[in-house]
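# Test case, fold it:
(one chain, ligands or ions: 1)
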Amino acid sequence: VAQVFTIPVPTPFRIGTVNCYLVRGGALMLVDAGPCDELALAGLEHGLRQLGHRIEDIDLLVLTHQHYDHLGLAAEIKRRSNAEIAAHRLLAPFAANFEGAMEREDAYADAVMELNNISSETRSDLRERSAALRRYGASFDIDRKLDEGDRIDIGGGAFRVLFTPGHSPTDTLLVDEDTRLAIVGDHLIGHISSNPVMHRPFDREADPRHRPETLARYIQSLRKTAEEDLTTLYPGHGQPINDHRGLIATRFVHYGERKARIAGEIGAYPITGAQLIDKLWPRLPVDQVYLALSEVLGHVDLLLAEGAVREQESTGVIEFVTA
Ligand SMILES: [Zn+2]
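Residues are numbered from 1 along each chain as shown. Presented below is the predicted three-dimensional model:
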């Protein structure tokens with residue numbers, strides 16, 4: 001049976017440390033890499049050393065999703081270990097040109113924010129912040145492109161690949177078929193609810209008017225995870241989760257309440273995404289604006305699908321009214 005060890009890696013971000021997981025079977029697998037940063041690299045090296053290993057020993061690096069706090073050191077790990085890098089198929093073009101992918105991400109987010117009437121000051125502030133964060137990632141090639149249902153055999157243990165988009169378009173879970181434990185990245189975190197970030201879609205045209213319905217996809221993925229019989233879930237941040245079904249149920253209660261709150265703010269008079277954010281979170285820090293907009297639009301998309309809300313566009317700005 002494969003053994004799983006947590007290596008907490010420091011990050012300079014609000015989220016705190018990121019969990020990398022060392023899985024020891026016949027081969028040595030690392031799940032997630034931490035951001036491309038000196039302190040993170042030192043933390044990863046320290047954690048590996050305590051377990052009797054070095055970066056050079058890693059045979060396989062698997063990445064749970066596209067966020068730079070999880071994949072930034074992939075190129076460095078590859079350089080030192082020549083480990084095979086495995087990740088979801090959709091992540092391959094993004095990873096191969098990280099800089100270009102982030103540029104397209106930022107352009108997409110900017111177009112979504114402009115359409116939803118976020119001020120140009122906030123948008124350029126966010127653009128600058130995002131550009132400054134790019135140094136925490138680096139391009140690399142994915143050697144093994146994963147699909148739903150694939151098996152990763154490390155000798156003495158095998159993991160099944162589950163595709164659970166929502167927090168990002170590339171969220172991937174690894175389920176150990178023997179012990180029923182799972183390594184889940186940011187798909188499910190115990191102490192905070194994962195943001196359904198409105199990323200540029202990879203599997204369809206990136207049209208800011210045709211939103212990727214991130215929250216609906218995320219809820220669908222959570223339902224899928226709840227169907228899995230699992231013992232322990234190892235998340236990308238914080239402590240292991242032992243009752244994933246209970247946790248998912250509380251997330252659904254929270255989403256139901258938030259959706260009702262947003263439905264209550266949308267009336268006969270048109271309201272924009274920016275105004276909805278102000279109603280829900282007055283005095284929101286600038287770095288949270290896109291996450292807040294992602295969440296608001298995610299709920300609005302649910303209401304649109306239910307026929308409770310209507311969307312219209314007036315002089316380049318999207319507005320919502322009751323249907
Ligand atoms: Zn993430």
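
# neighbours around residue 280, how many?
Applying other Cβ atoms under 10 Å, we find 16 residues neighbouring residue 280. From N, CA and C alone the C-beta is placed, and that goes for glycine too.

# Wait, it touches residue 292, no?
Yes: the pair residue 280 and residue 292 qualifies as a contact (Cβ atoms under 8 Å) at a distance of 7.3 Å.

# How is residue 319 assigned, secondary-structure-wise?
Assigned with DSSP: H, G, I helix; E, B strand; the rest coil, residue 319 falls in the strand class.

# Leaving out sequence neighbours, find the closest residue to it.
Closest residue to residue 319 apart from its sequence neighbours, by Cβ to Cβ, 6 or more residues apart in numbering: residue 270 at 3.5 Å.

# ranges for the helices of the stretch 151-300 of the chain?
Secondary structure of the stretch 151-300 of the chain by DSSP state H, counting those that start in this stretch: the helices cover 214-227, 244-265, 273-280, 289-306.

# Up against the ion, what does the protein have?
Proximity of the chain to the ion (Cβ under 5 Å from the ion) is limited to residues 67, 186.

# Output the below-cut-off pLDDT ranges for the chain.
Within the chain, no stretch falls below the threshold (pLDDT under 70).

# So which residues of it form strands?
The residue ranges that make up the strands of the chain, judged by DSSP state E, are 3-9, 18-24, 28-31, 60-62, 84-88, 144-146, 151-153, 158-163, 172-176, 182-185, 233-235, 309-314, 317-322.

# With mean neighbour count as new columns, can the ones you listed be given to me in CSV?
Below are the strands of the chain laid out as CSV (neighbours: other Cβ atoms under 10 Å):
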stretch, mean neighbour count
strand 3-9, 19
strand 18-24, 23
strand 28-31, 25
strand 60-62, 25
strand 84-88, 23
strand 144-146, 17
strand 151-153, 14
strand 158-163, 19
strand 172-176, 24
strand 182-185, 28
strand 233-235, 23
strand 309-314, 13
strand 317-322, 18
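
# how much space between the residue nearest to residue 319 and residue 281?
Taking Cβ to Cβ, to the nearest Å as the measure, residue 270 and residue 281 are separated by 20 Å.

# what number of residues lie near the closest residue to residue 54 other than its chain neighbours?
Using Cβ to Cβ, 6+ apart and skipping the chain neighbours, the partner closest in space to residue 54 is residue 48 (5.9 Å). Burial of residue 48 is recorded as 21 neighbouring residues (other Cβ under 10 Å).

# So residue 172 sits against residue 162, correct?
Yes: the pair residue 172 and residue 162 passes the contact test of Cβ under 8 Å, sitting 7.1 Å apart.

# would you list every one of the helices in the stretch 1-150 of the chain?
Remark: helices assigned in the stretch 1-150 of the chain by DSSP H, counting those that start in this stretch are 38-50, 68-71, 74-81, 91-96, 98-115, 120-133.

# List the buried residues in the fourth one.
If I follow you right, that is helix 91-96. Judged by neighbour count using 16 or more other Cβ atoms under 10 Å, the buried positions of helix 91-96 are 91-92, 94-95.

# So which elements touch it?
When contacts are defined as 3 or more Cβ pairs under 8 Å, 6 or more residues apart in numbering; DSSP states H and E, helix 91-96 packs onto helix 98-115.

# what's the angle from the helix it packs on to strand 309-314?
With axes from the mean of the first three to the mean of the last three Cα atoms, to 10 degrees defining the directions, helix 98-115 sits at 90 degrees from strand 309-314.

# Figure out how far helix 98-115 is from the centre of its chain.
How far helix 98-115 lies from its chain's middle: 16 Å, per Cα atoms, centre = their mean, to the nearest Å.

# quick one, it and helix 289-306 angle?
Counting by the same axes, to 10 degrees, helix 98-115 points 60 degrees away from the direction of helix 289-306.

# could you dump helix 98-115 to PDB, C-alpha only?
What follows is helix 98-115, C-alpha atoms only, in PDB (Å, rounded to 0.1, in the frame of the first residue of the first chain):
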ATOM      1  CA  PHE A  98       2.900  30.000 -18.800                       C
ATOM      2  CA  GLU A  99       3.600  33.600 -19.500                       C
ATOM      3  CA  GLY A 100       1.400  33.700 -22.600                       C
ATOM      4  CA  ALA A 101      -1.300  31.700 -20.800                       C
ATOM      5  CA  MET A 102      -1.300  34.200 -17.900                       C
ATOM      6  CA  GLU A 103      -1.500  37.100 -20.400                       C
ATOM      7  CA  ARG A 104      -4.600  35.600 -22.000                       C
ATOM      8  CA  GLU A 105      -6.000  34.900 -18.500                       C
ATOM      9  CA  ASP A 106      -5.600  38.500 -17.500                       C
ATOM     10  CA  ALA A 107      -7.100  39.800 -20.800                       C
ATOM     11  CA  TYR A 108     -10.100  37.500 -20.300                       C
ATOM     12  CA  ALA A 109     -10.600  38.600 -16.700                       C
ATOM     13  CA  ASP A 110     -10.300  42.200 -17.800                       C
ATOM     14  CA  ALA A 111     -12.900  41.800 -20.500                       C
ATOM     15  CA  VAL A 112     -15.300  40.100 -18.000                       C
ATOM     16  CA  MET A 113     -14.800  42.800 -15.400                       C
ATOM     17  CA  GLU A 114     -15.300  45.600 -18.000                       C
ATOM     18  CA  LEU A 115     -18.600  44.000 -19.100                       C
END
